[in-house]
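A.B. asks: Got a sequence here, can you model it:
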Amino acid sequence: MSTMPHNFVSPQSGFSDEQAQYLRGFFAGVLQRPYVGHSASGQITSQPSAGSANFAEPATEETFFGTPISDLCAEELWKYERNPLDLWDELLQTAASNEAPDAERRYRFKFHGLFHVAPAQDSFMLRMRVPGGVMTSAQMRGVATIAEKFGNSRIDLTTRANIQLRECAPKDVVNVLNGVRKLGMSSVGSGADNIRNITASPISGYDPQELIDVQPYADALQNYITNSRDMFGLPRKFNIAFDNGGAISALADTNDIGFVAVSVGEGKSVPAGVYFRVLLCGITGHKQFASDCGLLLSPDQLVAVAAAMVRVFAENGDRTDRKKARLKYLVDRWGVEKFLEETEKKLAFPILRVDASECELRGPINRAGHLGVHAQSQPGFSYIGVCVPVGWLPIVQARVIADVAERFGSGELRLTVWQNLLIPNVPEDRVAEACRVLHQAGLETAVNLHVTGCPHSCAQHYIGDIGLMGVKVGGEEGYQVNLGGGADNDQAMARQLFPAMKYSEVLPALQAIFTVYTAQCMEGESFLAFTNRHSVEELRSMCSSDVRAEVMA
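C.D. replies: Numbers count the residues shown, from 1 in each chain. The predicted structure is shown next:
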């Protein structure tokens, strides 16, 4: 073993005697460690100068996004071992065997939008992507045909303005995926730890109050995601919304990232015009709304900033504990400013920090604007908001809607985060006839109630005027009843009226409170405002049969 020459650190080096002595000792220790490497010709050498790795050193543990492999949770270990996007052969095997997948495949299949429903059923639910909630009548008919051939003859509309098909047998998963692709649609990345369906204001492009049409940005971001494999396989699911600042909200404050259009007038620190505020870390399942992070973006910066933020999350989010893996926890750990600094490092342009006070206040939001008939920005045209109770749309009704969109509109449909849909571009003189056809098919154009069986705010029951979450009451079907939720200008988490009420008691209780509201509300007072000016105890008392009888009298 060679040793370090005594004059390796010379008196002329500029180091003090103490520093020189330390360095001699350090390098002596380095050179005395056993070294076994390979020379360029493949021979075994003991000389570190050969520049190869020291195979006599202990092996260092490999990492995945900076996390040691041994610390990864099961789902992250599966991602590390093989990209879940690459499993077409496994899908073919599942179809051929017609058998339920094991735990690992169940997780991997979600990257293709396939959710195995067990133990209630041995079947799959397919979740599709509908960027901005825009689809055509032809696509609606095609989805109805897939649901009829391979599903339960029903289309489910979700709170991310997309579509789900249920009760697809394992043997049919490949047929279902191929059928969706033929419609020009996709399900890739719609489940598991990916960016969920990109949402946008449902009447963007038709809204008389909007500041800017945001549908192009939803489409552009989806295209970017589709063409960027590293945008899949995040530490946890991720929600992004684009809001046009108009009459109907996109519920941007319930998303991990919400881009909200704002107007800046003359005489401010930036030129007058339309920009976007950025909201971060909405996660209503944890009863947290997204908050303004101080950025002001020009429209052309939106997709780039979204991509940069997602990558910062992908590289630094927690991959050891799925309960602490959402964006909220990274920002809680770092602070907003560090998150923005790391985002800016990935961008070729600076991002402006401008106080929200420099932006104009948003105009009024019509909380019922997704239901009924409303005028568009295009003179002489209206859109019709169709109610779909709990988002369940039988294929017979789906085909009627497609027919109405073609016969009376432009063949376009818009899905909303309230699990209903809109038919735009209907001439004003044909609205009544279009509504008559819808009503004949059993479709209504009024009513909105949030009902869910999921405690994670899947149906947004925390932000509805009335939110019902399914629970068991003494072994019977029942509901948790919540009142007074809202978003945007009416931002509030619903208060729990009853933690658990039998199904048979829910409708009479709600009827009672509706009766009191009708009799006692102030002029022009919304149900939300009425409930918010009463205590929970007062609202509970309104639900009693005695109070209802007194009011009726």
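A.B. asks: Point out where the stretch 51-200 of the chain drops to low pLDDT.
C.D. replies: For the stretch 51-200 of the chain, residues meeting the criterion pLDDT under 70 lie at 51.
A.B. asks: hmm, 90 instead?
C.D. replies: Counting by pLDDT under 90, the stretch 51-200 of the chain has low-confidence residues at 51-61, 118-122.
A.B. asks: quick one: the helices in it?
C.D. replies: With DSSP state H, counting those that start in this stretch as the criterion, the stretch 51-200 of the chain has helices at 74-81, 88-97, 103-109, 137-150, 173-182.
A.B. asks: now those helices as CSV including mean neighbour count?
C.D. replies: Every C-beta, even on glycine, is put in place using the N, C-alpha and C of the backbone. Supplementary listing: the helices of the stretch 51-200 of the chain in CSV, determined by neighbours: other CB atoms under 10 Å:
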stretch, mean neighbour count
helix 74-81, 18
helix 88-97, 14
helix 103-109, 18
helix 137-150, 20
helix 173-182, 17
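A.B. asks: So which of those is nearest Q288?
C.D. replies: Nearest to Q288, of all the helices of the stretch 51-200 of the chain, is helix 74-81, at 23.2 Å by CB to CB.
A.B. asks: Quick one: residues in contact with the closest one.
C.D. replies: 64, 67, 69, 72, 84, 104, 107-108, 192-193, 233, 235, 319-320, 322 (CB atoms under 8 Å, 6 or more residues apart in numbering).
A.B. asks: Swap in 7 Å and give it another go.
C.D. replies: Defining contact as CB atoms under 7 Å, 6 or more residues apart in numbering, one finds that helix 74-81 is touched by 64, 69, 72, 104, 107-108, 193, 233, 319, 322.
A.B. asks: With stretch 477-488 instead?
C.D. replies: 249, 251, 253-254, 365, 461-464, 466-472, 492-503, 506, 528, 531-532, 539.
A.B. asks: list the buried ones in that stretch?
C.D. replies: 478-488 (16 or more other CB atoms under 10 Å).
A.B. asks: same question, stretch 413-427
C.D. replies: The neighbour-count check on stretch 413-427 (16+ other CB under 10 Å) flags 413-426 as buried.
A.B. asks: distance between it and the chain's centre?
C.D. replies: 20 Å (CA atoms, centre = their mean, to the nearest Å).
A.B. asks: End to end on that stretch, go ahead and measure it.
C.D. replies: Stretch 413-427 stretches 15 Å from its first residue to its last (CA to CA, to the nearest Å).
A.B. asks: just to revisit the earlier point, as CSV, the helices of the stretch 51-200 of the chain with distance to D122 would be great.
C.D. replies: Formatted as CSV, the helices of the stretch 51-200 of the chain follow (distance: least, CB to CB, whole Å):
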stretch, distance to D122
helix 74-81, 22
helix 88-97, 12
helix 103-109, 12
helix 137-150, 14
helix 173-182, 12
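A.B. asks: now for the ones you listed, which one comes closest to K268?
C.D. replies: Using CB to CB, the helices of the stretch 51-200 of the chain put helix 137-150 closest to K268, at 42.9 Å.
A.B. asks: Buried subset of the contacts of stretch 477-488, written for ChimeraX?
C.D. replies: Command for ChimeraX that selects the buried part of those, burial taken from 16+ other CB under 10 Å:
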select :249,251,253,254,365,461,462,463,464,466,467,468,469,470,471,493,494,495,497,498,501,506,528,531,532,539
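A.B. asks: In strands, which of the contacts of stretch 477-488 fall?
C.D. replies: Secondary structure from DSSP state E places 466-472, 495-502 of the contacts of stretch 477-488 in strands.
A.B. asks: so who does G245 touch?
C.D. replies: Contacts for G245 (CB under 7 Å, 6+ apart) come out as 210-211, 260-262, 362.
A.B. asks: Likewise for I395?
C.D. replies: Taking CB under 7 Å, 6+ apart as the contact definition, I395 lies against 144, 147-148, 153-155.
A.B. asks: do you know how far the residue lying closest to it once chain neighbours are set aside is from Q397?
C.D. replies: Sequence neighbours aside, A144 is the residue nearest to I395 in space, at 4.1 Å (criterion: CB to CB, 6 or more residues apart in numbering). Plainly put, A144 is 9 Å away from Q397 if you go by CB to CB, to the nearest Å.
A.B. asks: and what of L539?
C.D. replies: Look at L539 and Q397: by CB to CB, they are 35 Å apart.
A.B. asks: cool, and T145?
C.D. replies: Taken as CB to CB, the span from T145 to Q397 is 14 Å.
A.B. asks: Could you do V278 as well?
C.D. replies: Counting by CB to CB - V278 and Q397 are separated by 38 Å.
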